[in-house]
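A.B. asks: I would like to see how this sequence folds:
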Amino acid sequence: MGITAPRGTKDIFPEDTVKWQYLENLTKKIFSSYNYKEIRTPIFEETALFQRGIGETTDIVEKEMYTFEDKGGRSITLRPEGTASVVRAFLENKIYGQAQPTKYFYIGSMFRYERPQAGRYREFHQLGAEVLGADNPAIDAEIISLGIHLLEELGLKDLELHLNSVGCPKCRKVYREKLMEYFKPYLEDLCSDCQDRYERNPLRILDCKADRDKEFMSTAPKIYEELCEECETHFANVKKHLDLLGIDYILDANLVRGLDYYTKTAFEVIYKGLGAQDTIFGGGRYDGLAQEVGGKDIPGIGFAMGMERILLTIEEQGIELPIDDSIDLFITTIGERAEEEAFKYLAKLRKADLKVEMDYLGRSVKSQMKTADRNNANYSIILGEDELDKGVATIRNMKSGEQVEIKLENLVEEMTKRID
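C.D. replies: Numbers count the residues shown, from 1 in each chain. A predicted model of the protein is given here:
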């Protein structure tokens with residue numbers, strides 16, 4: 001067998017890329033209406049960015065990163081998520097010196113060494129939004145509503161918003177002690193990963209996916225009941241602004257997200273029809289991240305959506321996206337002279353902003369018409385010796401079958417009118 005795509009990656013062919021393009025274009029349209037601007041960051045970064053930003057004790061850093069040493073001896077990692085890179089770019093280029101807040105969105109590939117399954121790949125695609133330079137709870141509600149707006153515009157239904165506050169370093173210290181006290185009697189019953197997390201970062205236990213550990217979660221102390229006054233006020237205002245927008249939510253005390261940089265607000269939107277991989281998008285506030293990667297104390301909040309999971313959910317819910325993959329014209333030719341003339345008109349019609357194709361394989365008229373059908377052509381232009389002698393082209397409406405003759409000198413103008 002020849003060379004194949006690496007495990008956990010996927011080729012995306014035209015019949016599917018039209019769906020991806022629709023999602024990307026809708027994202028740009030909606031995010032722009034909220035005044036978010038697109039940012040593009042490198043696919044690889046210094047490994048230290050993710051170690052310091054995401055957290056040494058997270059599964060991503062410990063088990064899932066694609067890390068290698070380049071020819072200069074530097075440790076480089078393919079980005080496993082987008083936020084750390086956006087914050088690094090914001091700090092490195094001193095964007096904090098401009099008027100704030102700064103609103104960004106991104107679309108791109110991420111990489112994690114995970115077990116491939118439905119909706120989860122080793123190279124996967126995310127779209128995300130980030131707001132830097134604002135700690136107003138209204139921004140938290142806005143960015144949540146932004147993500148929900150996109151999903152609703154796609155026609156997705158039966159979604160649940162899960163909401164939590166993971167507090168700040170001050171109230172997390174108190175909560176950490178209570179959590180360790182709670183889990184201590186069950187320590188030997190926890191999975192080996194959680195036994196390790198117990199000392200290093202007990203909040204990570206709440207993020208465990210092992211079935212054997214889930215029975216201990218329901219009665220664990222709830223962090224939103226242990227918040228300091230500042231975090232409690234912030235969380236109350238986030239909920240108030242979600243109420244103002246008419247967005248329902250479920251308080252989820254075990255929602256801590258898989259990254260250590262989160263503070264205060266944490267959220268996920270899930271669709272249970274996807275089974276174990278039910279999170280469509282998630283995110284939260286990361287007020288300490290900029291300092292953690294060596295910058296100023298700048299508040300931030302963001303989310304990321306898995307594009308594969310969005311498209312999987314669209315398919316699961318039987319949603320037909322309004323995609324038009326048709327072409328305007330297919331030029332059918334009879335004879336060499338007609339082929340040469342058609343080739344010239346092909347260029348003229350394309351320059352008039354029409355989507356046009358012709359046959360390059362010398363097939364019969366019948367085969368060319370079948371090709372026009374396969375390409376979802378709206379019209380076919382038939383050009384042969386007789387038409388050239390008369391200075392006309394035969395135009396066929398591929399849906400109605402109606403045929404008319406028009407002068408070749410008026411072809412571009414006439415077809416532009418018909419397509420419009």
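A.B. asks: care to break this protein down by domain?
C.D. replies: Residue ranges for the domains of the chain, per the TED database: 14-168+228-317, 329-414.
A.B. asks: nearest to E177, of those domains?
C.D. replies: domain 14-168+228-317 (13.0 Å; CB to CB). From N, CA and C alone the C-beta is placed, and that goes for glycine too.
A.B. asks: need the domains of the chain in CSV (columns: distance to D207, mean neighbour count and mean pLDDT).
C.D. replies: Putting the domains of the chain into CSV (distance: least, CB to CB, whole Å; neighbours: other CB atoms under 10 Å; pLDDT from 0 to 100) gives the following:
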stretch, distance to D207, mean neighbour count, mean pLDDT
domain 14-168+228-317, 5, 18, 94
domain 329-414, 47, 16, 95
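A.B. asks: in TSV: those domains, plus distance to C191.
C.D. replies: Shown next, in TSV, are the domains of the chain (distance: least, CB to CB, whole Å):
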stretch	distance to C191
domain 14-168+228-317	12
domain 329-414	53
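A.B. asks: what segments of the stretch 251-400 of the chain are helices?
C.D. replies: With helices called from DSSP state H, counting those that start in this stretch, the stretch 251-400 of the chain shows them at 289-292, 307-316, 336-351, 365-374, 385-390.
A.B. asks: E188: which of the domains of the chain is closest?
C.D. replies: Evaluated over the domains of the chain, closeness to E188 peaks at domain 14-168+228-317, with 20.4 Å, by CB to CB.
A.B. asks: can you lay out the helices of the stretch 251-400 of the chain as JSON lines showing distance to L244?
C.D. replies: As requested, the helices of the stretch 251-400 of the chain are exported to JSON lines (distance: least, CB to CB, whole Å):
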{"stretch": "helix 289-292", "distance to L244": "27"}
{"stretch": "helix 307-316", "distance to L244": "26"}
{"stretch": "helix 336-351", "distance to L244": "50"}
{"stretch": "helix 365-374", "distance to L244": "51"}
{"stretch": "helix 385-390", "distance to L244": "65"}
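A.B. asks: of all these, which one is nearest E153?
C.D. replies: Smallest distance to E153 across these (CB to CB): 11.4 Å, for helix 307-316.
A.B. asks: show the pLDDT at L203.
C.D. replies: Looking at L203, its pLDDT is 79.
A.B. asks: then the one 10 residues further on?
C.D. replies: Here, the pLDDT recorded for D213 equals 64.
A.B. asks: give me the number of residues near S192?
C.D. replies: Taking other CB atoms under 10 Å as the criterion, the count of residues near S192 is 8.
A.B. asks: so it versus N378, what's the distance?
C.D. replies: With distances defined as CB to CB, to the nearest Å, the gap from S192 to N378 amounts to 62 Å.
A.B. asks: which other helices and strands contact the longest helix anywhere in the chain?
C.D. replies: The longest helix of the chain (DSSP state H) is helix 14-33. With contacts taken as 3 or more CB pairs under 8 Å, 6 or more residues apart in numbering; DSSP states H and E, helix 14-33 sits against strand 102-111, strand 123-132, helix 137-153, helix 307-316.
A.B. asks: can you list these in JSON lines and add distance to V87?
C.D. replies: Supplementary listing: the helices and strands packed on helix 14-33 in JSON lines, determined by distance: least, CB to CB, whole Å:
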{"stretch": "strand 102-111", "distance to V87": "10"}
{"stretch": "strand 123-132", "distance to V87": "7"}
{"stretch": "helix 137-153", "distance to V87": "15"}
{"stretch": "helix 307-316", "distance to V87": "22"}
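A.B. asks: tell me which of the ones you listed approaches R350 most closely.
C.D. replies: Comparison of the helices and strands packed on helix 14-33 against R350 by CB to CB identifies strand 102-111 as nearest, at 27.6 Å.
A.B. asks: ok, back up a step: so which of the domains of the chain comes closest to D420?
C.D. replies: Each of the domains of the chain was checked against D420 via CB to CB, and the shortest separation belongs to domain 329-414, namely 9.9 Å.
A.B. asks: end-to-end on that closest one?
C.D. replies: Between the opening and closing residues of domain 329-414 we find a distance of 12 Å, counting by CA to CA, to the nearest Å.
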